[in-house]
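Enquirer: Okay, sequence plus prediction incoming.
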Amino acid sequence: MAQCFRSAASILAIAFAGTLPAVVQADASAVASEMEVGSRGADIPATEAGDIIVTGSRIARADLVNPMPVGVVKMEEALRFNGNDIYSVLQQNPALGFGGTSLNSSATGWDSGARFINLRNLGTNRSLTLIDGKRRVSGSTRSSAVDIGTIPLGMIDRVEIITGGAAAVYGADAVTGAVNIITKKDITETTVSVTGGLSERGDAGNGQASISTGFKFADGRGRVSVGGTYSRTDSLYMYDRYDWTQQPLLLPNPANTGTADGIPDRVHVWNYRQHYYAYEPNFWLGTVNGQAINTRFMLEEGGTVRPMVHDVYMDKAPAQFALGSGGDGRNLTDMNQIRGGEEAVSALGRVEFDLTDDTTWSGYFSYSKNNYDGAGTYYRDDTRTTFMGVGSAKAYLDNPFLPESIREVMQQYGLTSLNIDRTYGNFPVRDIRHNRQTITAGTEVTGRLSDSLNWSAFYQYGRFKDHAVEGNVPIKSRWLAARDVITGPNGLPVCRDEAARAAGCVPLNIFSMEKPSQELMDYVLGDRDEYRTVTQQSAGAEINGSLFPLPAGDMKFALGAEYRKDTLKNRDDPLALSGELVYGGGPSRRSELDVKSDVKEAFAEVVAPIFADVTLARRLDLELAYRYSDYSTVGGTHAWKAGLIWEPFQGFTLRGVRSRSVRTPNFGELYEPMVTSTTTGSISDPCEAGDISKTPTREANCRALGVVAPLPDIKTGPHITTGGNPDLKPETSNSLTAGFVWQPAFLPGFDMTVDYWDIKISDYVYQLSYTQILNLCVDLPTIDNQYCRAQARNQTPDVPTEQQGVLLPAGAPLYVNAQQGNISRMQARGIDIGMNYSAMVGPGRVGLKFAGTYLIEHRFETTPGAPEGDIFYDGQYNYPKFRFNLTTSYDIGPFGLALSTRYQDGGKGDNMGTEEQYDDNSVPSRTYFDLSARYAFGNHVLNFAINNLTDKMPPYMAFGEPGIYAASSVYDLVGRSYSLSYTFKF
């Protein structure tokens, strides 16, 4: 149990959905206060509003209505529920998909522990993150995604979310929109905040402390703003929330007779486990010297040997890799980490100085250090040669550690050796640690050429470093030598290999479940060290202002040029490159990269007022933008947008934007070297029992591929080749957004926005999984397709494969090529709804803020002209049809209450499954409630919050794969938690 401190730089939930008008910069306090309940639609003179930033446009405007929907998260309110990081705050906006990266996503991997935004669930590489309107160096080892966890929470003023193609304004990667984090500037007071939180179960602690301050000098011509944040988040594991014995699994239904028979193809098995996964040493005896034994035995703690059993066997008879319900064995989820641990510190600062009345110089910097701890799995192996190329350890009669009970079995059946399968749970769990550092430094000069023309120029440098450590990894040659033990000349156990003995080999007792000695662990375990460095240099210049007057107002423009250079260097551990720390059943191969790219860009934007203050056109503005980019990787690209704002009468505005965006392939997609790996464990094959009967087409195509009978649960997967593709083309996206803003005069304090959005991405860059390729091959009308040509199946059944040494049935998959490619098209469309209301009720003020998204369609078209290959995501549990967040607040003087209601629709566990494929494919909806109470006394503020008030846990009984009820990126697995923050300003 950990009790930590975390920041409460200010307070509350999402201000409104990704559908509301843009707001002005932080120092425009008058305008910002209006935006707390949405735009009033008033024309606020620029002299009153101060400097204006309009996310989604480079043209400063005093009006608050933008053709492209922009949602605003004001941090002063967003932290009212004591959010521990900016990602968790933003994730409550329905426009952000569940597919982002955070502490709650994968515990291990290239980018585990980083925080990347995923707008519309279309990929973190298609969502652009800006800091104060500028790009930042990537925090990813392969893509251009920016880690928003590097920005100190106490220095964030607000976040603006544009939900539409914005590449014409900001360049590549803004296919689905942009997130612009606006930091605090011109700070004149010091704010100190401390927050601590803990779950009701006494775990999942988190905390934060932050400070921000600023001052002026040289009679106000100079301004300094600086701040920093320290945070800590505790890990959370599967065993903290679930009994590992109660894990569900979907398995082929033995009663199934075929397609459309009314019998579920797959059924749930609860309390599933597999014998050969056990922590106890165990072995399989099949046919020995002509005698069919077909039994798996295990060594009990007392040293006796007995047959392993299941309460219910899911196979017709016990088999070498049998799976059942209850009894002996284990499943592999008990050590799953559902939230990674992190300790982080970050700082940000800015200095501004007015060189003249018309020219201002500014310099800025940011620094962050994040130490992430992720847990992997224990090392395990079995007889398949996938593991280290040789399979599990062998028991020999001359092994001095050999238990007498196993010796008797070997002698009984005339065996001189015996494979011992097990999970080495007595050794430390393999883990992954990321030690990340990110720095950014930049300088900018802005000035005024005249009353109507402004200019700016900037240069910025950023560097991201990641020292990734994969710990407690068995060193292949040492592990293999240490587990083969004989009695030495001195009568003590020694390693059999003389050369290994001479090199200091320490014998390993493969039958022991006791914690090994430190000497043994130091010998057989090692750390894999990888070093990754990403740099970015960017520079640009811009001129903007008014061109000339029109009858309805001034024609405004922005014109500029930018240059950007990105580099990526990845260096793996020499022991990994040699194969000592990379092998089957162990860590995966990484690829070393040393690549760079640059881009030269020119852009232009105009806003033309067409009508003003005439009948049925109180306002009609046209907005156009264009960007040309010349990439060193793919050549020239073009992006544009056209938007229209029409206010037929006061209080009601129609708006729409049509845009063309471009995304160029990132370093990983282009240059990742080709790597071939072999899957370990159960694979997912459409020709297996339980899946082959999905449709008559699938069943017929499987037979055409040589599958003479439904495949069993194959425990040896195909060889999978993955890698980049230097011939990739850029993606192009056509986006449409159309809607209205309603601010009725008869209901002061109320506004409503409704926007329809449609995003179509052509030449979609994607790496299909091997499962998707196997499925597409047999689900298309014939097997004469590119997906069948990208795989090979076994045509010589009952012949051991060279790599794994096991028998594969006819038609079993052997090879799959899953290289990156330009896959046909991705389309997503839906409707965003935002409503806000604020009014005095009794002695206090009531606030209502609603943000909702209805997903009409999310479809991946894999094969042009073949709808059978379409993959539908909308309505799946992690792509809910409807999501909303409603924040209700009531503030009376220094005291305030707030309730957040978060809802996500139910749906299906597998959106591509048929009604008959599963006994239950449904996933129920979830509603979460968060409650906060704050009290201000003088310069002090106390804020108490209860998150997940009703202790609602993820769905458990429906479509019970562990991937759903343990999906911490979709559901809250912490449960009810409490937090308290204290803020002091002086």
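Expert: All right, it came through fine.
Enquirer: quick one: contacts for residue 649?
Expert: Applying Cβ atoms under 8 Å, 6 or more residues apart in numbering to residue 649 gives the contacts 616, 618. Any C-beta I mention is one placed from the backbone N, CA and C, and that applies to glycine too.
Enquirer: what pairs with it across the strands?
Expert: Beta-bridge pairing for residue 649 (DSSP bridges): residue 652.
Enquirer: Spell out which helix or strand contains residue 737, please.
Expert: Residue 737 is located in strand 731-742, with elements delineated by DSSP states H and E.
Enquirer: Would you list the strands that the next helix or strand after that strand pairs with, along with their directions?
Expert: Counting by DSSP H and E, the next helix or strand C-terminal to strand 731-742 is strand 750-766. The sheet places strand 750-766 alongside strand 731-742 (antiparallel), strand 821-841 (antiparallel), with pairing taken from DSSP bridges.
Enquirer: Can you list the low-confidence ranges for the stretch 251-400 of the chain?
Expert: Counting by pLDDT under 70, the stretch 251-400 of the chain contains low-confidence ranges at 315-318.
Enquirer: how about the strands in it?
Expert: Assigned by DSSP state E, counting those that start in this stretch, the strands in the stretch 251-400 of the chain fall at 266-269, 272-274, 282-288, 291-299, 305-307, 312-313, 323-325, 337-339, 341-354, 359-375, 380-381, 393-396.
Enquirer: can you list these in JSON lines and add mean neighbour count and distance to residue 890?
Expert: Shown next, in JSON lines, are the strands of the stretch 251-400 of the chain (neighbours: other Cβ atoms under 10 Å; distance: least, Cβ to Cβ, whole Å):
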{"stretch": "strand 266-269", "mean neighbour count": "20", "distance to residue 890": "45"}
{"stretch": "strand 272-274", "mean neighbour count": "24", "distance to residue 890": "49"}
{"stretch": "strand 282-288", "mean neighbour count": "18", "distance to residue 890": "62"}
{"stretch": "strand 291-299", "mean neighbour count": "17", "distance to residue 890": "62"}
{"stretch": "strand 305-307", "mean neighbour count": "15", "distance to residue 890": "65"}
{"stretch": "strand 312-313", "mean neighbour count": "14", "distance to residue 890": "55"}
{"stretch": "strand 323-325", "mean neighbour count": "22", "distance to residue 890": "51"}
{"stretch": "strand 337-339", "mean neighbour count": "25", "distance to residue 890": "32"}
{"stretch": "strand 341-354", "mean neighbour count": "20", "distance to residue 890": "34"}
{"stretch": "strand 359-375", "mean neighbour count": "19", "distance to residue 890": "37"}
{"stretch": "strand 380-381", "mean neighbour count": "24", "distance to residue 890": "55"}
{"stretch": "strand 393-396", "mean neighbour count": "21", "distance to residue 890": "66"}
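Enquirer: Kindly reformat those as JSON lines and extend each row with distance to residue 912.
Expert: Converted to JSON lines, those look like this (distance: least, Cβ to Cβ, whole Å):
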{"stretch": "strand 266-269", "distance to residue 912": "13"}
{"stretch": "strand 272-274", "distance to residue 912": "23"}
{"stretch": "strand 282-288", "distance to residue 912": "35"}
{"stretch": "strand 291-299", "distance to residue 912": "35"}
{"stretch": "strand 305-307", "distance to residue 912": "40"}
{"stretch": "strand 312-313", "distance to residue 912": "29"}
{"stretch": "strand 323-325", "distance to residue 912": "24"}
{"stretch": "strand 337-339", "distance to residue 912": "25"}
{"stretch": "strand 341-354", "distance to residue 912": "35"}
{"stretch": "strand 359-375", "distance to residue 912": "30"}
{"stretch": "strand 380-381", "distance to residue 912": "31"}
{"stretch": "strand 393-396", "distance to residue 912": "41"}
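Enquirer: In this structure, which strand is the longest?
Expert: Longest strand of the chain, by residue count under DSSP state E: strand 525-550.
Enquirer: What are the buried residues along that one?
Expert: Residues 525-526, 528-530, 532-538, 540, 542, 544-547 are the ones in strand 525-550 that count as buried (16 or more other Cβ atoms under 10 Å).
Enquirer: Would you map the helices across the stretch 1-150 of the chain?
Expert: Counting by DSSP state H, counting those that start in this stretch, the stretch 1-150 of the chain has these helices, from start to end: 29-35, 46-49, 75-78, 86-90.
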